[in-house]
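> predicted model and sequence follow; I will ask about them next.
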Amino acid sequence: MWSSAYVTVIVNARLAGRDQSLDEAARDLGATRWRAFWRVTLPDLMPAVAASALLVFAYSFEDVVTSYFLSGDKNTLPTVILSLIRYEVNPGVNAIGQRRSSA
């Protein structure tokens, strides 16, 4: 909830820049509202959704203290990483940051 404002701003900016005639063209070609949303609107919004997800993910590491106090008794990823690197450098932190190679 803390970072939902960033997602809202980024996705709304993408929605404001969209050409609405694409949805109208899909509807003219026989698509229902839901099919037009899933096939036209959502793929057009995916770069904004992905960018906002990455931004919020990066901000969650910046706000470790906020995450620590707001998480309660649950372990979030920033608090787990903070506990892993608090006393020693653990190879698990590097494993979290590594991309899995496709096999």
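Done, it's in.
> per-residue confidence averaged over stretch 77-86?
Averaged over stretch 77-86, pLDDT sits at 71.
> gap between it and the chain center?
For stretch 77-86, the gap between its own C-alpha mean and the chain's C-alpha mean amounts to 21 Å (CA atoms, centre = their mean, to the nearest Å).
> restrict it to CA atoms and write it as PDB.
Extracted in PDB, the C-alpha atoms of stretch 77-86 (Å, rounded to 0.1, in the frame of the first residue of the first chain):
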ATOM      1  CA  LEU A  77      12.100  -9.500   1.500                       C
ATOM      2  CA  PRO A  78      13.800  -6.200   2.600                       C
ATOM      3  CA  THR A  79      13.800  -7.300   6.300                       C
ATOM      4  CA  VAL A  80      15.100 -10.800   5.400                       C
ATOM      5  CA  ILE A  81      18.000  -9.200   3.400                       C
ATOM      6  CA  LEU A  82      18.700  -6.800   6.200                       C
ATOM      7  CA  SER A  83      18.900  -9.700   8.700                       C
ATOM      8  CA  LEU A  84      21.200 -11.600   6.300                       C
ATOM      9  CA  ILE A  85      23.700  -8.800   5.900                       C
ATOM     10  CA  ARG A  86      23.500  -7.300   9.400                       C
END
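> which secondary structure elements does the biggest helix by length in the chain contact?
Taking DSSP state H as the criterion, the chain has its longest helix at helix 42-62. If you count contacts as 3 or more CB pairs under 8 Å, 6 or more residues apart in numbering; DSSP states H and E, helix 42-62 packs onto helix 4-16, helix 77-85. C-betas here are computed from N, CA, C, even on glycine.
> next, format the ones you listed as JSON lines and append distance to residue 35.
Output for the helices and strands packed on helix 42-62, formatted as JSON lines (distance: least, CB to CB, whole Å):
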{"stretch": "helix 4-16", "distance to residue 35": "19"}
{"stretch": "helix 77-85", "distance to residue 35": "36"}
